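> give the three-dimensional model of this entry:
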Amino acid sequence: MTENKTKSDISKTNLNEKLKQEEKQPEVNQPNIMAVLPLRDIVVFPYMIVPLFVGREKSVSALEEVTKNHSKILLVSQKDASIEDPSEKDVYAFGTIATILQLLKLPDGTVKVLVEGIQRAKVKEFIDHEAFFEAKLEIIEEQDVETKEINVLKRTMMNQFEQYVKLNKSIAPEVLVAVNQIENSSKVIDTITSHLNLKVAEKQDILETIDLKNRLEKLLEHLETEVGVLQVEKRIRNRVKKQMEKTQREYYLNEQLKAIQKELGEGEDGKDELSELEEKIKKLRLTKEARDKALSDLKKLRGMSPMSAEATVVRNYLDWIVGLPWKKRSKISKDLKKAEEILNHDHY
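Numbers count the residues shown, from 1 in each chain. Below you'll find the predicted structure:
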């Protein structure tokens, strides 16, 4: 009796261990044939949860079939997003097996679906049905090798991603906290890649890179490039901001100065002296070069403090210009004897 009980306990223990192993590795039991959903302008990685809006008939049919059978679906990216009805040549061979978390049909006929990436897979053969695409798959097992070199690359990658998050305001700081809590290197790489502003082909290249070290190196290269671009953009923004602040400050002060000068002018004789000077300049028959120069210096004078030494110099210069006899001819006496008398009188 005791022996039978022991055997029963051992059987239950083995069964529980088997069930636990199946829970830990759901990807091993994936079917070889699966429905395919082509995606535009996005690459879905394992561990990602993303909302998708689906409107094409084949794609909607595939989602309905998967939802009805409680099965999973393969997400593959299109090489050219502009193609409306892609064939097997128009999509990448590598994709991500995903499970459907939520599906909602919208009034306009489109479907909003929430999917979660599970595991990488490669298409061995496409099966084209009238309703939707199916494919025979090769399941890609993730590498989980933590060598010293990988740990160093991972640490460098995390430092670069921290810089990227600080420079890129579109990424919430909580993302960095969440990434720091992930221990699995493959999951860290895929999570960071999903947040980078990369082209579809670049993300697809990382998705197809199975070797963990190579994937780390590729991601690190992209991170360094993106951080460099963001740093340049930040310097340009700061420079433009400082210039704008300086221009706005000068404009504000000049407007205040004009208002004060106007009030002072109206309090004395009802007219601004600089306005009178401007009228005199405009009335003179100046050459184009002289007029442009005079008006330019007058504009400069309006922005100066009346008490500054430079303002005094500019004001004297403008008074000198106004005082010159521009294009006013005078009669010239050519009597040399008369000139001699005048010179002698002035000298002696």
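
> contacting residues for L75?
Shown in contact with L75 (C-beta atoms under 8 Å, 6 or more residues apart in numbering): 37, 39, 44, 95-98, 115, 117. (C-beta placed from N, C-alpha, C; glycine too.)

> any low-confidence regions in this structure?
The chain contains residues with pLDDT under 70 at 1-31, 261, 264-272.

> domains in it, by residue range?
1-26, 31-139, 143-270, 272-323 (automatic domain parsing).

> can you redo those domains as TSV with distance to D335?
Shown next, in TSV, are the domains of the chain (distance: least, C-beta to C-beta, whole Å):
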stretch	distance to D335
domain 1-26	120
domain 31-139	93
domain 143-270	45
domain 272-323	28
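
> highest average neighbour count across those?
domain 31-139 (a mean of 17; mean count of other C-beta atoms under 10 Å).

> so which residues of the stretch 1-150 of the chain form helices?
With DSSP state H, counting those that start in this stretch as the criterion, the stretch 1-150 of the chain has helices at 2-24, 57-69, 148-167.

> just the stretch 201-348 of the chain next, same as before
Counting by DSSP H, counting those that start in this stretch, the helices of the stretch 201-348 of the chain are 212-268, 273-283, 288-302, 309-323, 336-347.

> could you list every helix and strand that the second one packs against?
Where contact means 3 or more C-beta pairs under 8 Å, 6 or more residues apart in numbering; DSSP states H and E, helix 273-283 is packed against helix 212-268, helix 288-302, helix 309-323.

> can you list these in a markdown table and add distance to G55?
Compiled in a markdown table, those are given as follows (distance: least, C-beta to C-beta, whole Å):
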| stretch | distance to G55 |
| --- | --- |
| helix 212-268 | 31 |
| helix 288-302 | 60 |
| helix 309-323 | 68 |
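
> picking that back up, looking at the helices of the stretch 201-348 of the chain, which is nearest to L176?
helix 212-268 (13.0 Å; C-beta to C-beta).

> what packs against that closest one?
Packing contacts for helix 212-268, counted by 3+ C-beta pairs under 8 Å, 6+ apart, involve helix 148-167, helix 185-195, helix 200-208, helix 273-283, helix 288-302.

> would TSV of these with distance to T110 be doable?
Converted to TSV, the helices and strands packed on helix 212-268 look like this (distance: least, C-beta to C-beta, whole Å):
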stretch	distance to T110
helix 148-167	33
helix 185-195	23
helix 200-208	21
helix 273-283	66
helix 288-302	60
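
> any idea which of these gets closest to V322?
It's helix 273-283; of the helices and strands packed on helix 212-268, that one is closest to V322 (C-beta to C-beta) at 4.9 Å.

> residues in contact with that closest one?
261, 265, 291, 294-295, 298, 301-302, 318-319, 321-322.

> any figure for the gap between the closest residue in space to D211 that isn't next to it in sequence and I189?
Excluding the flanking residues, the one nearest D211 by C-beta to C-beta, 6 or more residues apart in numbering is Q143, at 6.9 Å. Separation of Q143 from I189 (C-beta to C-beta, to the nearest Å): 11 Å.

> cool, I150 as well?
From I150 to I189 the distance is 10 Å (C-beta to C-beta).

> shared neighbours, the two?
Shared contacts of I150 and I189, defined by C-beta under 8 Å, 6+ apart, comprise 212, 216.

> next up, the contacts around N69.
Applying C-beta under 8 Å, 6+ apart, no residues contact N69.

> likewise for I206?
So I206 contacts 189-190, 193, 215, 218-219, 222 (C-beta under 8 Å, 6+ apart).

> same for the longest strand along the chain, what does it pack against?
Taking DSSP state E as the criterion, the chain has its longest strand at strand 111-128. With contacts taken as 3+ C-beta pairs under 8 Å, 6+ apart, strand 111-128 sits against strand 33-39, strand 49-54, helix 57-69, strand 73-77, strand 94-105, strand 133-139.

> got these as a markdown table, with distance to E245 columns?
Formatted as a markdown table, the helices and strands packed on strand 111-128 follow (distance: least, C-beta to C-beta, whole Å):
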| stretch | distance to E245 |
| --- | --- |
| strand 33-39 | 44 |
| strand 49-54 | 40 |
| helix 57-69 | 51 |
| strand 73-77 | 44 |
| strand 94-105 | 47 |
| strand 133-139 | 56 |
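
> of the ones you listed, which is nearest V165?
The nearest among the helices and strands packed on strand 111-128, by C-beta to C-beta, is strand 49-54 at 19.3 Å.

> surely P86 touches P38?
Yes - here P86 lies in contact with P38, judged by C-beta atoms under 8 Å, at a distance of 5.0 Å.

> which residues are common contacts for those two?
Q78.

> farthest residue from the center of the protein?
Distance from the centre of the chain peaks at K337, with 85.9 Å (C-alpha atoms, centre = their mean).

> how near is that one to L343?
Relative to L343, K337 is positioned 11 Å away (C-beta to C-beta).

> repeat that for S77.
99 Å.

> still on that earlier bit, need the max-distance pair from the contacts of L75.
L39 and I97 (13.5 Å).
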